[in-house]
Structure formats: structure tokens, C-alpha cells
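Enquirer: Just a sequence and a predicted model for now, questions to come.
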Amino acid sequence: MAKVVISLKIMPESPDADLQRIQEESMPLIKDFSGEGQVKAEQEPIAFGLIALKLQFVMDESVGSTEKLEQELAGIEGVSSAEVVDVRRAIG
């Protein structure tokens, strides 16, 4: 099966949310789900001081739907929502 690159956006509940802690709690969940290595993390300013956490990782497309991962990430304290915003097949 092919590899896919997943882009995921985590929205905090408030501008005061601890993005570093959310990122640290997200990493093991993503690695357990994807079974792959590296996870790229960025912060994206949204509005009024609210900053989203954008994560990118690679997984085998045979793993299937990311719905379970999204639910686990949304369950982290301080997270309002987690959703996959882009899925692309990796070339190479």
C-alpha cells in the first residue's frame, strides 16, 4: 500500500491553552496510530490571540480512517477540536 501525508489541525479551547503540553500529549497518540516516525508541528495564528496546532505525519493508507485518532486528540484537556484538513499520497 502507499504512504499518505496527513495534515491535522488541533484547535485549543482558548488562547490561554498550553499548546506545548497539548503537542506533547498528541505525539504519542499519533505515533501509536500511524506506526511511523517523524511528526512535524507548527503553530498557526487564527484570530484574537487564538493559535491552532498543525501537525503533519506519514502513515500507511492501509491503516484506514483517522476518525479514531481525531476523537482521541479532541479528548485531550484544553482541546476544542481536532480534524484532518488534508490527505495526500506520498510520491516515491
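Expert: Yep, that arrived.
Enquirer: can you pull out the strands in the chain?
Expert: Using DSSP state E, the strands assigned to the chain run over residues 3-12, 39-47, 50-60, 79-89.
Enquirer: Taking their axis directions, the first one and strand 39-47 sit at what angle?
Expert: Using axes from the mean of the first three to the mean of the last three Cα atoms, to 10 degrees, the interaxial angle of strand 3-12 with respect to strand 39-47 works out to 40 degrees.
Enquirer: Return the set of buried residues in stretch 48-58.
Expert: Of the residues in stretch 48-58, those with enough neighbours to count as buried (16 or more other Cβ atoms under 10 Å) are Leu50, Ala52, Leu53, Lys54, Leu55, Gln56, Phe57, Val58. No exception for glycine: its C-beta is placed from N, CA and C like everyone else's.
Enquirer: now what about the longest helix seen in the chain, what contacts it?
Expert: The residue-count maximum for a helix in the chain (DSSP state H) belongs to helix 19-34. Applying Cβ atoms under 8 Å, 6 or more residues apart in numbering, the set of residues contacting helix 19-34 from outside is 6, 8, 10, 12, 37, 39, 41, 43, 51, 53, 55, 57-60, 63, 66, 68-69, 72-73, 76, 78-79.
Enquirer: Low-confidence bits of this structure, can you list those?
Expert: Counting by pLDDT under 70, the chain contains low-confidence residues at 36, 92.
Enquirer: Return the distance of Arg88 relative to Val4.
Expert: Note on Arg88: its distance to Val4, by Cβ to Cβ, to the nearest Å, is 6 Å.
Enquirer: ok, now Gln71?
Expert: If you go by Cβ to Cβ, the gap between Gln71 and Val4 works out to 19 Å.
Enquirer: Of those two, which one has the most company?
Expert: In terms of neighbours (other Cβ atoms under 10 Å), Val4 is the more surrounded of Gln71 and Val4; the figures are 19 against 10.
Enquirer: and the more buried one, what is it in contact with?
Expert: Val58, Met59, Asp60, Glu61, Val87, Arg88, Arg89, Ala90.
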